Each structure stands twice: as C-alpha cells, then as structure tokens.
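Q: next come a sequence and a model predicted from it.
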Amino acid sequence: MTTPFSVATWNVNSLRARIDHVLQWLKESGVDVVCLQETKMTDDRFPADVLREAGYEHLVWHGQPTYNGVAILSRYPLEDIQTGLPDDEDDPQARYVSATVLGVEVHNVYVPNGQAVGSDKFHYKLRWLERLHQRLQGRVSAERPLILCGDMNIAPDDVDVWDPFVMDGQLLCHPEERRRLEAIRALGLRDGFRERNPFASAFSWWDYRQRGFERNHGVRIDLIYASEALHTRCTDVSIHRHVRSWERPSDHCPVVATFE
DNA sequence: ATGGTGGAAAGTCCA
C-alpha cells in the first residue's frame, strides 16, 4: 500500500554556508524528502556528491547565481521533475521545483519576499503567487496526494506573527498577499501544523537583526500544505526550532511533516 | 536610530 514518509521544508540561506548544518540535521532528523530554498548557488556548484553520501541519492536542484535557488533531496526516486514554473522563460529567478516521490506530488517554492508593500518587488510577489496558483489549479484534488511546501514569505494569520499589532498591514502580513495565499490553500490544501496546534504562536523565521531570535520576534512563514488525501495520513508536523540556535544559523529553521 | 545582521561577492543587492 502506501509507504510512511516524512517531508521537510528549510530555507537554508546559502547551501554553501550551511552545508555542515544541513548534513548534521539530515543525520539527526532522518527526514525522507527535504525541500530547500535559498541555495544561492549556480547548478554547477550544487554539492550533489556529499548529499548522496549522506543517503539522499535522488536529487533535483534549480539554481542561479547569488540569489534564490531551490532543491529537493530524497531517499526515494523522483519522477516527473519540473524546474521552474511553466511560464518561467522570461523570469530568471529560480524559485520553483516539483517532483513526484512515493506517488506524492511535491511542489517546493521560494515565494518572493516582496521587499516593501507597494514596491515593484511586492507586485512581482503578488504576480508570482498568481502564477503558482495557475500551476496548481487543476492539480489539487481531494484524491491526489500532493504537498505544497516552502518559504511562503507570508504569515497566514495573526497568530503566526510575534506581534500582530506591530506587523499589521506590513510585509509578510499584508491583506493582498494573504488573500493570494489563501486562494491557493482554498484549492483544497490543509495546513497540518495549524490544524494540530490551533492557537500556537510558533515561528519558523526570526530576523538576524535586533536579536530577533533571542526575543522570539518571529513569524511562521515556512509552511507545509497537504491535499485532503494526504492530510488524512498526516501524523505530525514539527518545527525544528533548536536548529536556529546553532552557531551561525540560517535565519529559518526546518519544518517537518510525517505521513503514515 | 530610514538603523540593525548575515550571505554573496567584491560595491552593493537582497532578505
């Protein structure tokens, strides 16, 4: 029948700078499928050999110089790999990769940050979310096992931010971006962490600046959404907060969902 | 305090 497996999302803020943390965390977590964002390297520099040695034989990566970059590391074979959104030809930003593993469609995204509400980059963010919506429309159904995960760069609700009054209407919380994320979720996706922890303010990103982690000034923007068929198999969603306290960490920590 | 910290990459851009 179905194979139990776990899936993680983690914005590593440079895979080159974070490779030791990644290897350490892969060893301690043993997660089966890992979706990375912000690898920040060209494809020829991707450390495929060392990741294969760590047990992740099946890899896909999609990078560019300096910025962005996404990858999927898997203990199980990857099929139907797609790098970039379908209409990516005039967009050089590497923010999307998808593959099917164990019969599950995994869509790994690095949603644009948006820089500042109302800026050109903010409009690019909104447009990118609409392109993601188009990609998933018709693919999400109750019966098909599917995951959408990644750095959404949007806190879905006020409970997902350290201070909803300070953050009200700001980047990561603005109604225009929240509305577009909710429209994607409403295609038929479930936020397993939120459903299991309805009132928990638990975060996945803390600003490097102004001692954000020490003061727990964080937001939950790294999400794992599952289709109905997969959500019924979900046994746990955990935020691996301790990784953020390691020496010279990414500003994001990993999030892991487990399915039976 | 239009700052602050960290990464890429070599002066800024991005988050």
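A: In hand now; what should we look at? Computed from a predicted structure; not experimentally measured.
Q: now the residue in the stretch 51-200 of chain A positioned nearest to DNA strand B: closest residue in space, sequence neighbours ignored.
A: The stretch 51-200 of chain A approaches DNA strand B most closely through A:Asn113 (3.7 Å), counting by C-beta to the nearest atom of the strand. Every C-beta, even on glycine, is put in place using the N, C-alpha and C of the backbone. For A:Asn113, the nearest residue in space outside its immediate sequence neighbours is A:Asn153; the separation is 5.0 Å by C-beta to C-beta, 6 or more residues apart in numbering.
Q: got the buried residues for whichever strand or helix holds A:Glu195?
A: Assigned by DSSP states H and E, A:Glu195 falls within helix A:192-196. Neighbour counts over helix A:192-196 (16 or more other C-beta atoms under 10 Å) mark A:Gly192, A:Phe193, A:Arg194 as buried.
Q: now distance to A:Pro175 too, for these, in a markdown table please.
A: As requested, the buried residues of helix A:192-196 are exported to a markdown table (distance: C-beta to C-beta, whole Å):
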| residue | distance to A:Pro175 |
| --- | --- |
| A:Gly192 | 24 |
| A:Phe193 | 22 |
| A:Arg194 | 19 |
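Q: the residue of the stretch 51-200 of chain A closest to DNA strand B: what's it in contact with?
A: Shown in contact with A:Asn113 (C-beta atoms under 8 Å, 6 or more residues apart in numbering): A:Lys121, A:Lys125, A:Asn153, A:Leu171.
Q: same check, this time on A:Thr2
A: Counted by C-beta under 8 Å, 6+ apart, A:Thr2 has contacts A:Leu102, A:Gly103, A:Arg233, A:Glu260.
Q: quick one: it from A:Pro145, how far?
A: 8 Å (C-beta to C-beta, to the nearest Å).
Q: derive a PyMOL selection command for the buried subset of the contacts of A:Thr2.
A: Selecting only the buried entries of the contacts of A:Thr2 in PyMOL, with 16+ other C-beta under 10 Å as the criterion:
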select buried, chain A and resi 102+233
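Q: would you agree A:His242 falls within a helix?
A: Yes - per DSSP: H, G, I helix; E, B strand; the rest coil, A:His242 lies within a helix segment.
Q: could you pull out the helices in chain A for me?
A: Here chain A has its helices, by DSSP state H, at A:15-29, A:48-53, A:120-136, A:164-167, A:175-185, A:192-196, A:228-231.
Q: against which helices or strands is the helix holding A:Glu195 packed?
A: Packing partners of helix A:192-196 (3 or more C-beta pairs under 8 Å, 6 or more residues apart in numbering; DSSP states H and E): strand A:222-227, strand A:234-239, strand A:255-259.
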